[in-house]
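1. return atomic coordinates for the entry below.
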Amino acid sequence: MAISLNGFKVAILAVDGFEQAELVEPQRALKEAGAQVDVISQKTGTIQGFKHVDKGDTVKVDRTLDEATAADYDGLVLPGGVVNGDAIRLDAKAQAFVKEANQGKKPIAVICHGGWLPISAGIVAGRTMTSWPSLQDDVRNAGGTWVDQEVQIDGNLITSRKPDDLPAFNQALIEALGKARAA
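-> Numbering: from 1, shown residues only. Here you go, the predicted model:
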């Protein structure tokens, strides 16, 4: 039986330069499971996606980081994209959002270069995660353990490496949200 996420709210934090598949595929999977999904960014309007280095589609922003907190949501998705990951990790409000979600033990699903934000938010020490391989030194330097696998789950932290991992990533996120409902 499919897991129903009716009544769940999930936030996706991203800025211009996100990897398109890593935002839109989890967004689609969550919506198909019944969740309300909000894209949260630094600005109103739209943000620009990329397909690796080529411009992709824009995505509508539902709320800004000034308007939203982790308390408003049941889970969090952090897509990658080098430009997105590098820019959002410096945003104190995005860091606070991740810290608050982690303190609330809410599922935090991170893929590819999205791993930079949890590192900068200080929630990686003592945890095992995966990411795009170029982040492994950052994970280790932040006190975490890096592994090379499709999906790594460590408590409420769900991580994957790349767009090819999205089916397993989406499934792990939906299952984690379903377990949170049952708890």
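2. do you know how far the closest residue to residue 145 other than its chain neighbours is from residue 95?
-> The shortest distance from residue 145 to any non-neighbouring residue, by C-beta to C-beta, 6 or more residues apart in numbering, is to residue 128 (4.3 Å). In short, each C-beta sits where N, CA and C put it, glycine included. As judged by C-beta to C-beta, to the nearest Å, residue 128 and residue 95 stand 21 Å apart.
3. could you do residue 155 as well?
-> Taking C-beta to C-beta, one finds residue 155 at 19 Å from residue 95.
4. higher neighbour count, the two?
-> With neighbours defined as other C-beta atoms under 10 Å, residue 155 and residue 95 compare such that residue 95 has more, 19 against 12.
5. residue 118 is in contact with the more buried one, correct?
-> No: in this structure, residue 95 is not within contact of residue 118 by C-beta atoms under 8 Å, at 9.1 Å.
6. tell me where this protein has strands.
-> Remark: strands assigned in the chain by DSSP state E are 9-13, 18-19, 36-41, 46-51, 54-60, 63-64, 75-78, 108-111, 128-129, 145-146, 151-154, 157-160.
7. mean pLDDT and distance to residue 172 for these - can I get that in JSON lines?
-> Below are the strands of the chain laid out as JSON lines (pLDDT from 0 to 100; distance: least, C-beta to C-beta, whole Å):
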{"stretch": "strand 9-13", "mean pLDDT": "98", "distance to residue 172": "14"}
{"stretch": "strand 18-19", "mean pLDDT": "98", "distance to residue 172": "18"}
{"stretch": "strand 36-41", "mean pLDDT": "98", "distance to residue 172": "16"}
{"stretch": "strand 46-51", "mean pLDDT": "98", "distance to residue 172": "22"}
{"stretch": "strand 54-60", "mean pLDDT": "97", "distance to residue 172": "22"}
{"stretch": "strand 63-64", "mean pLDDT": "98", "distance to residue 172": "25"}
{"stretch": "strand 75-78", "mean pLDDT": "98", "distance to residue 172": "11"}
{"stretch": "strand 108-111", "mean pLDDT": "98", "distance to residue 172": "7"}
{"stretch": "strand 128-129", "mean pLDDT": "98", "distance to residue 172": "13"}
{"stretch": "strand 145-146", "mean pLDDT": "98", "distance to residue 172": "18"}
{"stretch": "strand 151-154", "mean pLDDT": "98", "distance to residue 172": "5"}
{"stretch": "strand 157-160", "mean pLDDT": "98", "distance to residue 172": "5"}
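8. mind putting these into TSV with distance to residue 136 and mean neighbour count?
-> Shown next, in TSV, are these (distance: least, C-beta to C-beta, whole Å; neighbours: other C-beta atoms under 10 Å):
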stretch	distance to residue 136	mean neighbour count
strand 9-13	22	24
strand 18-19	18	30
strand 36-41	27	21
strand 46-51	22	18
strand 54-60	26	13
strand 63-64	32	14
strand 75-78	17	28
strand 108-111	14	30
strand 128-129	10	21
strand 145-146	4	18
strand 151-154	12	18
strand 157-160	12	28
